[in-house]
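I'd like to go over a predicted model; first the sequence, then the structure.
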Amino acid sequence: MVLLQAVLKHLGHFGQDSIVLDEAELQSRKLAADCCKYGDDGQCTDPHVSKAVSQFGASHTSMEGERETLLGVLSGQVSEPLRALITGAPLEDARHLVHRYDKLRQEVEAQAADVMRRRSKTKDSDITAENSMKLRAAETRLTELKSSMVALGREATDAMSSVENQQQEITSQRLFAMVDAERCYHQHVLGILEKLHAEMTSEEQSYESTSQTVAAEKEANLPTQQEYSITNGTTDDATSLKDALFIAKVVHPFDADAEGELSLSVNDYVIVRQVAPTGWSEGECRGKAGWFPSAYVQKEEKAPANMMLETESSSKS
């Protein structure tokens, strides 16, 4: 009984924190949902970060699912069976026998006192037939009550021992179930975290490799000083450039790293003046001019009216 009460006290303490845990769980779920939304909605311009955040949110949701499974096991397979032992029929029957035994013991004590009183009266006066008969009746009643008390005591003791043994056995089983559930929970959560770590590490390595490749290609394809001179009309090889003027829409962001380059943001419009065979183009955007990767923009058949005005102004100049 002591072990059972200790386990239930532990589970009860866990239950008393349910309000705090529920609030924490809500915050945790909101964090996971926000991460998934942030990653899926493309709010981050860096796809590497966006994917990592989305992976974190999905993993956090999986861990919350594992936690719900653990709580379900603790409630259904541990707490409820142990509480049933306290309110179950075997324990109630045993307690009823103990109550009957206590009541019968009190009757034996009262009957023993009555016998002692009658024996004392027979010593103080002459024994009459009536007093002698009442004494024998009281002694007989005392003997019967003692016999019944002994039998009921054995029955109550056996019942309580049986209940105690049953409680210890079931409590031990439920303890194993609780430990096994917590062990599985931590194993599954660890597996989720290991998978998340591996995915993020792989994504980081892939991102670094891609960044290095792009940087190398950009350096290799960067227009030479001669090609810059072509734009200014200082060389006879100007025919190697497509002397076309058009409006293009930015489809990939580009950050200028060197002098003469032009930074671009997605959905910006660029007035393209020159397209070099190296994969770079020269143009103007937001009042600034420079070079940028040709593949980062897409020619627009219909451009906004304000851009057409800028184009005409640029052509006249």
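Thanks, I have it. Numbering: from 1, shown residues only.

Now do the helices in the stretch 201-317 of the chain.
For the stretch 201-317 of the chain, applying DSSP state H, counting those that start in this stretch gives helices covering 225-231, 305-316.

hey, least reliable of those by pLDDT?
Ranked by mean pLDDT, those bottom out at helix 225-231, with a mean of 46.

So, low pLDDT: which residues of the protein?
The chain contains residues with pLDDT under 70 at 1-48, 123-126, 210-244, 303-317.

Now do the strands in it.
All strands of the chain, identified by DSSP state E, fall at 246-250, 269-275, 280-285, 288-293, 297-299.

Save those strands as TSV, and put in mean neighbour count and distance to Arg174 too.
In this view, the C-beta of every residue, glycine as well, is placed from N, C-alpha and C. Converted to TSV, the strands of the chain look like this (neighbours: other C-beta atoms under 10 Å; distance: least, C-beta to C-beta, whole Å):
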stretch	mean neighbour count	distance to Arg174
strand 246-250	19	64
strand 269-275	20	69
strand 280-285	22	70
strand 288-293	18	66
strand 297-299	16	66
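
out of those strands, nearest to Glu259?
strand 288-293 (8.7 Å; C-beta to C-beta).

Okay, angle between that closest one and strand 280-285 too, please.
Interaxial angle, strand 288-293 versus strand 280-285 (axes from the mean of the first three to the mean of the last three C-alpha atoms, to 10 degrees): 150 degrees.

quick one, which of the strands of the chain is nearest to Thr128?
Closest to Thr128 of those is strand 246-250 (C-beta to C-beta; 127.0 Å).

who does the closest one pair up with?
strand 269-275 (antiparallel), strand 297-299 (antiparallel) (DSSP bridges).

What are the structural domain limits within this protein?
For the chain, automatic domain parsing gives the domain ranges 2-214, 227-316.

Could you tell me how many residues sit around Leu245?
Neighbourhood size, Leu245 [other C-beta atoms under 10 Å]: 13.

try Ser120
Counted with other C-beta under 10 Å, the neighbours of Ser120 add up to 9.

switch to numbering from 195
Renumbered: residue one is now 195, and that last one reads Ser314.

gap between it and Ala307?
Separation of Ser314 from Ala307 (C-beta to C-beta, to the nearest Å) stands at 11 Å.

And Glu388, by the same measure?
Between Glu388 and Ala307 the computed distance is 76 Å (C-beta to C-beta).

Then Ser475?
Distance, Ser475 to Ala307, using C-beta to C-beta: 117 Å.

Same check on Ala350?
Counting by C-beta to C-beta, the gap from Ala350 to Ala307 is 23 Å.

Next: Gln468.
In terms of C-beta to C-beta, Gln468 sits 123 Å off from Ala307.

same check, this time on Glu338
Look at Glu338 and Ala307: by C-beta to C-beta, they are 16 Å apart.

Thought Ala489 was touching Trp474, still the case?
No: counting by C-beta atoms under 8 Å, Trp474 sits too far from Ala489 to count as a contact (9.6 Å).

quick one: which of the strands paired with strand 440-444 is nearest Val247?
The closest of the strands paired with strand 440-444 to Val247 is strand 491-493. By C-beta to C-beta, the value is 27.8 Å.

what sits up against that closest one?
Applying C-beta atoms under 8 Å, 6 or more residues apart in numbering, the external contacts of strand 491-493 come out as Phe440, Ile441, Ala442, Lys443, Val444, Val445, Leu458, Val464, Val466, Ser475.

What is the burial count for Arg480?
Arg480, neighbours per other C-beta under 10 Å, totals 11.

for the nearest residue to it once chain neighbours are set aside, what are its contacts?
Once flanking residues are discounted, Arg480 sits nearest to Asp462: 7.0 Å by C-beta to C-beta, 6 or more residues apart in numbering. The contact partners of Asp462, taken as C-beta under 8 Å, 6+ apart, are Lys443, Val444, Cys479, Arg480.

Also Val357?
Pro284, Leu285, Ala288.

State the distance from it to Arg277.
Distance, Val357 to Arg277, using C-beta to C-beta: 15 Å.

cool, Leu339 as well?
The gap separating Leu339 from Arg277 is 38 Å, by C-beta to C-beta.
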